[in-house]
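Enquirer: Build me a model:
(chains A and B)
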Amino acid sequence: MSKAVDPASNKAKTPPTEAKTNSAEDVSKLKADRLKKLAQLKELGINPYPYKFERSHKAAQLHELYKDLEKGSENSDEVVVCGRIMNSRNNWLFTDIHDDSGKIQLFCHKDSLPEDKFNLLKLLDKGDYVGARGTMKRTPAGELSVRIKDIEILSKSLLPLPDSWEGFNDVEARYRHRYVDMITNPEVRETFKKRSLTIRHMRNFLDDNGFFEVETPTLQVEAGGADARPFVTHHNALDIDLYLRIATELHLKRMIIGGMERVYEIGRIFRNEGISTRHNPEFTMLEMYCAYGDYNELMDFTEKMLRYIAEKVLGKAEFEYQGKTISFAKPFRRLRMADGIKEVTGLDVNTLKTIEEARAAAQSLGVPLDKEDSRGHIINAIFEAKVEHTLIEPTFLMDHPVEISPLTKVHRVNQGEVERFELFVYGRELANGYSELSDPQDQRSRLEEQAKKKAAGNEEAMPLDLDFIMAMEYGMPPTMGIGIGIDRLVMLLTDSASIRDVIAFPTMRPVKA
RNA sequence: GCGCCUGUAGCUCAGCCGGUAGAGCACUCGGCUUUUAACCGAUUGGUCGUGCGUUCGAGUCGCACCGGGCGCACCA
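Expert: Presented below is the predicted three-dimensional model:
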């Protein structure tokens, strides 16, 4: 065996200790069985939790290297593998271990194993980590195996894993004990690998396009840049309340003003809103800003980036989501909000000149209104009620009402509109981008309008950030900027129905004792 | 926050009109050994989410509470 797996290294470094049995009554029998084996291992002078192991191959490498090994044949190539025991048959004769590349079968025959190692098998359980050395063999049944000559325990598992056939389906338990979910359901690990790849390739794409990744404050005196209620926390030394950020927008624009022409941040955002299959209180968003571009260029750029990411992560730009085919390969549809409403409802919002007319139109369409307090908010409510869910294929929904977009440049042609788009896929908002407002006087009056609403009790309205306005007064270049919900993108790429399936540890109410 | 559904063994689930808690897998033991959910036999395993109530008797009926899922609302 290699140096790292020399049996000597497996001797207990600390004196064997007896398993604690004083609380045995409240331990399940299954755990008690394992604690007994743990104690026996220690009595044999074996450290059940050794320090290091060096393998020669991962499971997938072996399957690739020996794919031509014929049924029933063996060779003398020696390999060293390690992983978690997930299944065994015939009294450990056939034992599957899993590593992060896949599974490999250990063939544990007494003729190949020293007696002490053969006896060690009896002290193993499903869930234990082991390392093993042996030669390659393919069983008559066709299963590539390692005929092991040596085996050692790398970690003793004390708790039983869920049944391998029925699986682990209890949704609450899967979220609360995600590690068990990941051990038992391999597709969960695949989802989080794809999440990682999504972020990696997003970074690569942006970096290759001359962007700098920057970091802006999570703790803020005023939480601005989006319509959302923030979390409040307290800094003791300063003795002030601070808010967790609800967007990175206002600081990233300050960096544009500071002269960094292309910046982005992939960061955690916190919004004190409801929880649903599409909302988690903390989520991850890309925000990206680029000087000298407008929203038309930004739509082209966004399409290219999403296409690139899908191709890198999935190997293709067209995929199934919840039974629908979604294509990032074809050019995305571009639809003006007014046209979308007209298409679905027949209503021409341009004929709505006042808030009263807008309210009447919404009522006649059966769109319930709550606190919408402007013509633009009502038009947006009509859109959300009637049109949004119809946008399955990727669609840039463009040219929103000015009232709902306080950080966006007014449309260069159409009065009452702004140069903004939201990207909808499967009826859900995935991204939100615009020609960034750069006129400090316009910005001041728009934020003053927001501040008035906030003072009137609208908790989602933006605060008046005077430093942000001052920054803009120094001069901000024409800029395009976008926010993309990473979690929702990963949902699409992994065909996940709930955002909790792409967040490893979603927010849960604690269980009371 | 509202509505519907849901919580029984380590896992997956039965449990009818209220009558002493069940199965499969896993575990343990014995048998048998080249399997593909191995097989055969035996054993073991439960504060039925929590509490209160109705009842001679509650997993089952009622109320409250604690979690969770989905939908709505909020929002991205």
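Enquirer: how far away is the residue in the stretch 251-400 of chain A that RNA strand B sits nearest to from A:I46?
Expert: For the stretch 251-400 of chain A, the residue closest to RNA strand B is A:G274, as judged by C-beta to the nearest atom of the strand, at 2.5 Å. C-beta coordinates here come from the backbone N, C-alpha and C atoms, glycine included. Look at A:G274 and A:I46: by C-beta to C-beta, to the nearest Å, they are 52 Å apart.
Enquirer: Check which helices and strands the host helix or strand of A:L286 sits against.
Expert: Taking DSSP states H and E as the criterion, the element that holds A:L286 is strand A:282-291. On a contact count with 3 or more C-beta pairs under 8 Å, 6 or more residues apart in numbering; DSSP states H and E, strand A:282-291 meets helix A:186-208, helix A:249-257, strand A:262-270, strand A:479-485, helix A:486-494.
Enquirer: pLDDT on the last one, on average?
Expert: The average pLDDT for helix A:486-494 rounds to 96.
Enquirer: Can you find the helix or strand in chain A with the smallest mean pLDDT?
Expert: Every helix and strand of chain A was ranked by mean pLDDT, DSSP states H and E. The lowest is helix A:115-120, at a mean of 87.
Enquirer: Quick check: buried residues in that one?
Expert: If you call a residue buried by 16 or more other C-beta atoms under 10 Å, then helix A:115-120 has these buried ones: A:K117, A:F118, A:L120.
Enquirer: same check, this time on stretch A:138-158
Expert: In stretch A:138-158, the ones that count as buried by 16+ other C-beta under 10 Å are A:138-139, A:144-148, A:150-154, A:156-158.
Enquirer: overlap between these and the residues near RNA strand B?
Expert: Among the buried residues of stretch A:138-158, the residues lying close to RNA strand B (C-beta under 7 Å from any atom of the strand) are A:T139, A:S145.
Enquirer: Among the buried residues of stretch A:138-158, name the ones in strands.
Expert: If you go by DSSP state E, these have A:R138, A:L144, A:S145, A:V146, A:R147, A:I148, A:D150, A:I151, A:E152, A:I153, A:L154 in strands.
Enquirer: and the least confident helix or strand of chain A, C-alpha only, in PDB?
Expert: Extracted in PDB, the C-alpha atoms of helix A:115-120 (Å, rounded to 0.1, in the frame of the first residue of the first chain):
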ATOM      1  CA  GLU A 115      -7.500 -11.900   7.800                       C
ATOM      2  CA  ASP A 116      -7.500  -8.800  10.000                       C
ATOM      3  CA  LYS A 117      -8.800  -6.700   7.100                       C
ATOM      4  CA  PHE A 118     -11.400  -9.300   6.300                       C
ATOM      5  CA  ASN A 119     -12.600  -9.100   9.900                       C
ATOM      6  CA  LEU A 120     -12.600  -5.300   9.700                       C
END
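Enquirer: ok, the buried residues of helix A:115-120 vs RNA strand B, which is closest?
Expert: A:F118 (11.5 Å).
Enquirer: Kindly indicate whether the residue of the stretch 51-200 of chain A found nearest RNA strand B is helix, strand or coil.
Expert: The nearest approach of the stretch 51-200 of chain A to RNA strand B comes at A:A141, 2.7 Å away (C-beta to the nearest atom of the strand). For A:A141, the secondary structure call by DSSP: H, G, I helix; E, B strand; the rest coil comes out as coil.
Enquirer: show me the contacts for A:Q443.
Expert: By C-beta atoms under 8 Å, 6 or more residues apart in numbering, A:Q443 lies in contact with A:L407, A:L437, A:F468, A:I469, A:M472.
Enquirer: Now with 7 Å, please.
Expert: Going by C-beta atoms under 7 Å, 6 or more residues apart in numbering, A:Q443 touches A:L437, A:I469, A:M472.
Enquirer: Closest one of the residues you listed to A:Y243?
Expert: A:I469 (18.6 Å; C-beta to C-beta).
Enquirer: Spell out which parts of the stretch 201-350 of chain A neighbour RNA strand B.
Expert: By C-beta under 7 Å from any atom of the strand, the residues of the stretch 201-350 of chain A that approach RNA strand B are A:226-229, A:271, A:273-281, A:283.
Enquirer: Show me the shaky parts of chain A.
Expert: Within chain A, the stretches with pLDDT under 70 are A:1-27, A:512-513.
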